[in-house]
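S.K.: Okay, structure incoming, though there's no sequence with it:
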């Protein structure tokens, strides 16, 4: 999916919500555990319930790998289900990959050719030649970690270099030589509040993938105040706050209600921004 | 496996060689492609041929994920084969993971409980709480990326902060508060030459996992001159230089010869260091 199509989806649906499919067998409703493939059964129900209110889904690979073969199968079935039933959804594989060139090329082939997701999260620590192999695919995106939502983001990402630039700012600056805003997004955690203004100084036009609203405590209003641009430029992710809102048989209905609530807030925020 | 056992293996086998199982269907001998599971068939033959000459194996997950379910199955079979036939080998899953705490915990469960590897490579960009979930397992190791072997390592890892410390030095320094040398190793690329001396100033006692000898051009002598310590303290990886040394039916024999050659060089270097 290209940027124009993504922006059109956001405007049509009045939502920039990304639903995180961090599906954990220990947290899904018990009545699903008897299914042939409980992870996929859960995802399918969540997707069918929330698709009207979101523009993207983001399965985190850790939650699938954890169950080995079965988890991997559930992941592939989830992608295939989204592709065939909801082709208008933007799919982000949250895998935080990044390795030497020939290895990153293998990951790129895996996620962009075999599985046909739209975007992959990538870690910047290993530099340009670990990222560029992901950039050779039309309408496929790298979502580069910049300023993450966790407490540990302060350990290295905020360290300033001799030019007074924090590491996340160096990542934002240098990576723009590798691809423009038609192929690259950045992860900036909702918990980072006012630092969104620093981010927007460096990448005014890029989309930002924003985790950390909900369970992690980030504020949607603050993210929009400092982070929204003329295209919206935000994909705000919620995982636990939606998919585990109920552990009962009504889990999908409750997830839909939570997603609809966020969509309504997003609609208001888009209107306030004249979008 | 604990540090004492690893050092004992190195001394007994006169080798600190790690064989990288970066198994690519496009590069393995054609006569194996008719096998039920060509990736596993290749790995099994390589392992049986090279085990006398090495102390560790390092499958890189990218090469398995790339083939989806089948690749994952081949990975699990490879680990199980090593565990049952060569329990003295140290197994490193090269996955370069690292995510927010609850997600890293899922990865840790996957690699250390489900698959029972000895060590996992982890990326430091997200800081302490992305790494510590991997540290709660007895005799299991985190191999943290510090100074990698690729050209892109210069993009961020060498950037100096206002205290004059390069990012890789900050990673080496700060991470020592998270675990000591009984649970943490560091990746330092063989291509980094004299920078091994800077690394050893900060982590004199830790094991270093050293990729980049062979196809990537690093020198084994330079690595040992600057990087070896009283326990040896090195696991030097070779992947392509061993496993793809021949594409013919003799691939395993040629791989064994290449591994034996490296073992002989390592024996000499260990002797020179009085080990």
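M.R.: Good, I have the coordinates. No experiment lies behind these values; they were computed from the predicted model shown.

S.K.: Tell me the spacing between residue A:146 and residue B:143.
M.R.: 25 Å (C-beta to C-beta, to the nearest Å). C-betas here are computed from N, CA, C, even on glycine.

S.K.: So between those two, which is more surrounded?
M.R.: residue A:146 (30 against 24; other C-beta atoms under 10 Å in any protein chain shown).

S.K.: how about the nearest residue to the more buried one, chain neighbours excluded?
M.R.: Excluding its sequence neighbours, the residue lying closest to residue A:146 (C-beta to C-beta, 6 or more residues apart in numbering or on different chains) is residue A:186, at 4.2 Å.

S.K.: thought the one you found was touching residue A:204?
M.R.: No. Look at residue A:186 against residue A:204 with C-beta atoms under 8 Å: they stay out of range, at 12.0 Å.

S.K.: between the two, which one's more packed in?
M.R.: The neighbour comparison of residue A:186 against residue A:204 (other C-beta under 10 Å) goes to residue A:186, with 24 against 11.

S.K.: Show the backbone phi and psi for that one.
M.R.: Per-residue torsions, residue A:186: phi -130, psi 140 (degrees, to the nearest 10).

S.K.: contacting residues for it?
M.R.: Residue A:186 makes contact with A:143-146, A:171-172, A:199, A:203, A:206-209, according to C-beta atoms under 8 Å, 6 or more residues apart in numbering or on different chains.

S.K.: Take these and keep only those in helices.
M.R.: A:171-172, A:199 (DSSP state H).

S.K.: could you pick out which of those residues are near chain B?
M.R.: Applying C-beta under 8 Å from any C-beta of the partner chain to the ones in helices among the contacts of residue A:186, one finds that residue A:171 fall near chain B.

S.K.: Quick one: buried ones out of the ones in helices among the contacts of residue A:186?
M.R.: A:171-172, A:199 (16 or more other C-beta atoms under 10 Å in any protein chain shown).

S.K.: Could you point out which of those is nearest to chain B?
M.R.: residue A:171 (6.9 Å; C-beta to the nearest C-beta).

S.K.: The closest one and residue A:146 touch, don't they?
M.R.: Yes. At 5.3 Å, residue A:171 and residue A:146 qualify as touching, with contact defined as C-beta under 8 Å.

S.K.: Now do stretch A:204-224, average pLDDT.
M.R.: Throughout stretch A:204-224, pLDDT has a mean value of 92.

S.K.: one step back: which neighbours do residue A:171 and residue A:146 share?
M.R.: Listed as contacting both residue A:171 and residue A:146 by C-beta under 8 Å, 6+ apart are A:124, A:186.

S.K.: how about low-confidence regions in chain A?
M.R.: Within chain A, no range satisfies pLDDT under 70.

S.K.: Give the residue farthest from the middle of it.
M.R.: Farthest-out residue of chain A from its mean C-alpha position, per C-alpha atoms, centre = their mean: residue A:162, at 32.0 Å.

S.K.: and that one, what is it in contact with?
M.R.: By C-beta under 8 Å, 6+ apart, the contact list for residue A:162 reads B:160-162.

S.K.: how near is it to residue A:251?
M.R.: From residue A:162 to residue A:251 the distance is 52 Å (C-beta to C-beta).

S.K.: how about the residues of the stretch 101-250 of chain A near chain B?
M.R.: Contact residues, the stretch 101-250 of chain A versus chain B (C-beta under 8 Å from any C-beta): A:101, A:103-104, A:106-107, A:109-110, A:114-115, A:123-131, A:145, A:148-157, A:159-162, A:167, A:170-171, A:174, A:211, A:216.

S.K.: In helices, which of these fall?
M.R.: Using DSSP H, the members of those that fall within helices are A:101, A:103-104, A:106-107, A:128-131, A:153-156, A:167, A:170-171, A:174.

S.K.: anything in stretch A:9-29 near chain B?
M.R.: Yes. For stretch A:9-29, a contact with chain B is found by C-beta under 8 Å from any C-beta, at A:22, A:24.

S.K.: on that earlier part again, quick check: the residue farthest from the centre of chain A vs residue A:34, distance?
M.R.: 60 Å.

S.K.: And for residue A:20?
M.R.: 25 Å.

S.K.: So which of those two has more stuff around it?
M.R.: For the pair residue A:20 and residue A:34, the greater number of neighbours falls to residue A:20 (23 against 8), based on other C-beta under 10 Å.

S.K.: Just the element for that one, please.
M.R.: Element membership for residue A:20 (DSSP states H and E) is strand A:17-21.

S.K.: For the residue in the stretch 1-150 of chain A that chain B sits nearest to, grab phi and psi.
M.R.: Closest contact between the stretch 1-150 of chain A and chain B, by C-beta to the nearest C-beta, is at residue A:127 (2.5 Å). Torsion angles at residue A:127 (phi, psi; degrees, to the nearest 10) stand at phi 80, psi -170.

S.K.: same thing with residue A:91?
M.R.: As for residue A:91, its main-chain torsions (degrees, to the nearest 10) stand at phi -110, psi 120.
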